Each structure stands twice: as C-alpha cells, then as structure tokens.
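**Q** structure of the sequence below:
(one chain, ligands or ions: 1)
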Amino acid sequence: MLTIGVLGLQGAYKKHSRLLNRLGVNSINVRYPNELDRCQALIIPGGESTTIMKLMDFIHIRDKIVKFSESRPIFGTCAGMILMAKKANDPKLETLSLIDMEVIRNAYGRQVDSFTHSIDVMVNGNKETISGVFIRAPRVLKVGKNVKVLASLNGDPVFVREGIHLATTFHPELSSSTVVHQMLINLIKGPVYQSGA
Ligand code: GLN
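**A** Predicted coordinates:
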C-alpha cells in the first residue's frame with residue numbers, strides 16, 4: 001500500500017489525509033525528518049508559509065525534503081506552493097525552490113477576500129470542473145519553460161506541474177473532487193503516466 005506523507009507542522013494538513021484514505025492510500029503526518037523515509041510522496045499543506053518554513057528549519061527537515069524531491073513527488077497547496085516556488089516576494093522566506101516559478105503571497109487580499117471559484121482541469125483529455133477554494137491565496141507571476149500550467153483563473157496559473165511535482169494556489173482538499181490528489185498518486189509512477197499535461 002502506498003504511503004503519502006503530509007507535512008504536519010502547521011496549517012491545513014488533516015483533510016489531505018482523509019482524502020488520501022478515500023483513494024485507498026495510507027497517509028501519515030510528517031513531523032520528524034526520518035518519517036519521510038516511509039513515504040512515496042509528500043504534501044506540503046496550506047497554512048502560513050513563514051511559520052511552516054521556521055518549523056521546517058527548527059526540526060531540520062529542509063535538506064531531507066530537497067533530497068526527497070529528487071526522486072519522489074511533492075505537492076504543495078497554497079502556503080505549500082509558496083514554499084515550493086523558486087522565488088516569493090517576501091524577503092523573510094527562504095523557499096525550497098522545487099518549481100521554477102515566482103509567486104506573490106496574499107495576492108488577492110486579506111482573509112475576508114477568500115473565495116471559491118470553479119476551476120477546469122484537463123484529466124485524460126477530458127475537462128473536469130472542480131471547486132477551487134482560495135484562502136489568502138498566492139498569485140503565480142511567472143513560470144519557467146519546464147512548468148506545465150494545468151489550470152488557470154483569469155489568466156493566472158492556479159495549478160502547475162514541473163516534472164513530478166505539483167502545486168495549487170487553492171485548496172483541493174476542501175472540495176469534493178479527488179482529481180488533484182489522484183494526479184499526485186499517478187506521479188509516484190513518474191510524469192510519463194500523467195496525462196492532460
Ligand atoms: N497567506 C498564506 C501565506 O502567505 C497562505 C494561505 C494558505 O495557505 N491558505 O503563507
């Protein structure tokens with residue numbers, strides 16, 4: 001049985017596990033570096049990117065995550081996406097630089113400006129519409145040439161893939177669709193299995 005870790009230091013990590021269990025995948029909260037050894041993929045959840053970064057460095061898991069990313073998929077939602085970016089517009093943030101993109105934190109305003117919007121994703125050549133929940137979401141300003149944009153909203157990428165890594169500006173774990181998590185599971189077998197991209 002596959003095990004996918006969810007970085008459980010701060011933020012919205014619990015709902016990812018429930019969704020993964022629905023897809024028949026085992027899920028563990030990763031709170032210590034050696035717990036990564038049991039995982040075939042990792043989710044970095046939403047929350048507060050600066051706090052998650054500080055806690056990541058506090059438990060000395062940064063280098064281990066970067067090493068993990070060389071052979072196993074990582075999926076970041078919202079704050080997790082910010083941490084995966086090559087560049088974020090916040091000098092306090094030292095990101096993991098796993099996806100070649102530049103992001104702006106809190107680009108849509110404050111907590112009250114959070115919103116839900118339908119998002120179209122291509123899956124196996126078919127369009128799937130999912131409900132995207134945006135909570136103080138980042139905006140993707142620029143993506144590198146190897147980054148595939150899997151979904152956009154008003155011209156801004158909201159779902160991207162580079163190689164075996166995925167990131168969303170929204171929270172797919174808060175919608176009823178399992179499409180994004182299923183893509184992560186498929187990526188454990190490598191990007192060649194990933195369609196629609
Ligand atoms: N605004 C948060 C940040 O910049 C991200 C919000 C979220 O993950 N929902 O870190």
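**Q** so which residues on the protein come close to the ligand?
**A** 46-49, 78-79, 82, 105-106, 135-136 (C-beta under 6 Å from any ligand atom). Where you see a C-beta, it was placed from the backbone N, CA and C, and this is true even at glycine.
**Q** so where is the chain shaky, pLDDT-wise?
**A** 110-112, 191-197 (pLDDT under 70).
**Q** could you rerun that using 90?
**A** 1, 108-114, 122-126, 189-197 (pLDDT under 90).
**Q** where do the helices sit along it?
**A** 14-22, 49-58, 62-69, 79-84, 179-187 (DSSP state H).
**Q** and the closest residue to residue 113 other than its chain neighbours, how many neighbours?
**A** In space, and not counting its chain neighbours, residue 113 is closest to residue 136: 7.6 Å by C-beta to C-beta, 6 or more residues apart in numbering. Neighbours of residue 136 under the rule other C-beta atoms under 10 Å: 18.
**Q** wait, residue 136 sits on residue 82?
**A** No: counting by C-beta atoms under 8 Å, residue 136 does not reach residue 82; the two are 10.5 Å apart.
**Q** just say which of the helices of the chain is most tucked in.
**A** helix 79-84 (a mean of 28; mean count of other C-beta atoms under 10 Å).
**Q** out of the helices of the chain, flag the one nearest residue 115.
**A** Closest to residue 115 of these is helix 79-84 (C-beta to C-beta; 16.9 Å).
**Q** what lies in contact with the closest one?
**A** 7, 11, 43-49, 52-53, 56, 74, 76, 88, 93, 95-99, 103, 105, 138, 165, 167-169 (C-beta atoms under 8 Å, 6 or more residues apart in numbering).
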